[in-house]
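Student: Based on what follows, work out the 3D shape:
(chains A, B, C and D)
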Protein chains: 2
Amino acid sequence: MLDTMPSSSSSSTTARGRPPRKTATLADTTASGDHSPDADQGLDTRYLESLLGYNARRAALSIIAVFLRRMAPFDLRPVDFSVLTLVAHNPGATSRQICAALDILPPNLVGLVRKLEVRGLVQRKPHPTDRRAQGLHLSAAGKRLQRSAQAEATTLEQDVASALSREEHDQLKGLLRKVYLHTPAPDIGSDPG
Amino acid sequence: MLDTMPSSSSSSTTARGRPPRKTATLADTTASGDHSPDADQGLDTRYLESLLGYNARRAALSIIAVFLRRMAPFDLRPVDFSVLTLVAHNPGATSRQICAALDILPPNLVGLVRKLEVRGLVQRKPHPTDRRAQGLHLSAAGKRLQRSAQAEATTLEQDVASALSREEHDQLKGLLRKVYLHTPAPDIGSDPG
DNA sequence: TATTGTTATACTCTATAACTATA
DNA sequence: TATAGTTATAGAGTATAACAATA
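Tutor: Okay, here's the model as predicted:
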């Protein structure tokens, strides 16, 4: 849901990556021309940086950029990895469950699963009790790939958080979880339009 | 860059919102048809939740969902708000600078600015020294709207972080910033094809 | 030759409506 | 009537190539 890359692998020399270096100096304002010296092109982004959403978005994009590169050899984008991992840890899970867990809409999952199935990584088996549903399972190849990818993700995690101490790392994840688990749900349907 | 909403306003009764309730109970494995009671649909997402990227993405999406709703009355999506705010705080800024600050590609900014211009919120004036560039400025209406929107964003910020103490809030932003400022840049071009 | 702003365009992601087959 | 999976499709978001004007 946060992806942004050509599906093909081939370690892109093109991909966006580096967040713009911000060194806070106002643009040559029409009148007031008093800013920090080291601002080749930097704008004053201080207000935006005071917003959680802005920072979360920037952090997520940075991490994803790294993720995309490192997962390219597996030809897995974030969602693919998430689906694969979820199925690995929850054999027999249904599409419906995957959608709920990852906040993906059913129609958008269809294609994802189909690709994984075509690649021989995922298999569908009839659900034991509900004939409408299908249980998702990993093939042997799927299990191998998922294991490798998860190992890579774990390594990647350390690199991404290399600027953080172990404690900060845990704390950051905890705080993020707090935010998205508690965030005042958009009151779906509360609008007496 | 992280948006996801129809441009039209009208407080959506449809928008995605609530992150899936996760109550960690394995899916009914191939054989065992024994679901925990409170696991209507919950999958084991523990590994994904151990990843910073996953948590950052989820948090960002949650916040943006709220943002979209609250900014709907102003007909501003996150990027629009960012551009407007950047111009407000940096009168005379050029498209190039906006792009650098927000990590937007120039071709994609054109349409955004044009819309804001058509709405009478933004004006372009010739750059004082560079005849190629154009300085962006807010009209009176633009300033008013930006002020209102920024006030709303500030209020929103408090709601979003309502689960956090003041200290946690600051800490979270600091940690996120640390991550995306330090994240090992994807070494563009480091790949000896 | 490099850069600003731009057009055109392709590809991906996200969302809705509507259908089927089961429940 | 409601739900699981699906199709088709519309709409944002994101990316590249290429051009004119200027530096």
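
Student: Identify the residues contacting residue A:115.
Tutor: residue A:80 (Cβ atoms under 8 Å, 6 or more residues apart in numbering or on different chains). For every residue, glycine as well, the C-beta is placed using N, CA and C.

Student: after the strand or helix carrying residue A:67, next one along is what?
Tutor: Take DSSP states H and E as the rule and residue A:67 turns out to sit in helix A:52-71. Using DSSP H and E, the helix or strand that directly follows helix A:52-71 along the chain is helix A:78-89.

Student: helices and strands around whatever helix or strand comes next after that following helix, which ones?
Tutor: Proceeding N to C from helix A:78-89, the next assigned helix or strand is helix A:95-102, under DSSP H and E. If you count contacts as 3 or more Cβ pairs under 8 Å, 6 or more residues apart in numbering or on different chains; DSSP states H and E, helix A:95-102 packs onto helix A:78-89, helix A:106-118, strand A:134-138.

Student: Give the other helices and strands that the helix holding residue A:67 contacts.
Tutor: Taking 3+ Cβ pairs under 8 Å, 6+ apart as the contact cut, helix A:52-71 packs with helix A:78-89, helix A:140-160, helix A:166-182, helix B:52-71, helix B:78-89, helix B:140-160, helix B:166-182.

Student: what's the burial count for residue A:106?
Tutor: Residue A:106 is flanked by 11 other residues according to other Cβ atoms under 10 Å in any protein chain shown.

Student: Let me see the contact set for it.
Tutor: By Cβ under 8 Å, 6+ apart, the contact list for residue A:106 reads A:95, A:96, A:99.

Student: Which single one of those residues is nearest to residue B:131?
Tutor: Nearest to residue B:131 out of those is residue A:99 (Cβ to Cβ; 52.9 Å).

Student: pretty sure the closest one contacts residue A:112?
Tutor: No. If you go by Cβ atoms under 8 Å, residue A:99 and residue A:112 don't touch, sitting 10.2 Å apart.

Student: hmm, back to that, most tightly packed of the helices and strands packed on helix A:52-71?
Tutor: Counting by mean count of other Cβ atoms under 10 Å in any protein chain shown, helix B:52-71 has the highest mean neighbour count of those, with a mean of 25.

Student: what's the distance between that helix and the middle of its chain?
Tutor: Computed by Cα atoms, centre = their mean, to the nearest Å, the chain-centroid distance of helix B:52-71 equals 7 Å.

Student: Next, the angle from that helix to helix B:78-89.
Tutor: If you take axes from the mean of the first three to the mean of the last three Cα atoms, to 10 degrees, helix B:52-71 sits at 70 degrees to helix B:78-89.

Student: Let me know the pLDDT of residue A:30.
Tutor: On the pLDDT scale, residue A:30 is placed at 31.

Student: Kindly report the same for the one 4 residues further on.
Tutor: The pLDDT attached to residue A:34 in the predicted structure is 32.

Student: Kindly report the same for the one 3 residues further on.
Tutor: Residue A:37 is assigned a pLDDT of 27 by the prediction.

Student: ok, now the one 5 residues further on?
Tutor: On the pLDDT scale, residue A:42 is placed at 85.

Student: need the helices and strands packed on helix A:52-71 in CSV with mean pLDDT and distance to DNA strand D, can you?
Tutor: Supplementary listing: the helices and strands packed on helix A:52-71 in CSV, determined by pLDDT from 0 to 100; distance: least, Cβ to the nearest atom of the strand, whole Å:
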stretch, mean pLDDT, distance to DNA strand D
helix A:78-89, 98, 12
helix A:140-160, 96, 17
helix A:166-182, 92, 19
helix B:52-71, 94, 9
helix B:78-89, 98, 6
helix B:140-160, 96, 16
helix B:166-182, 92, 14
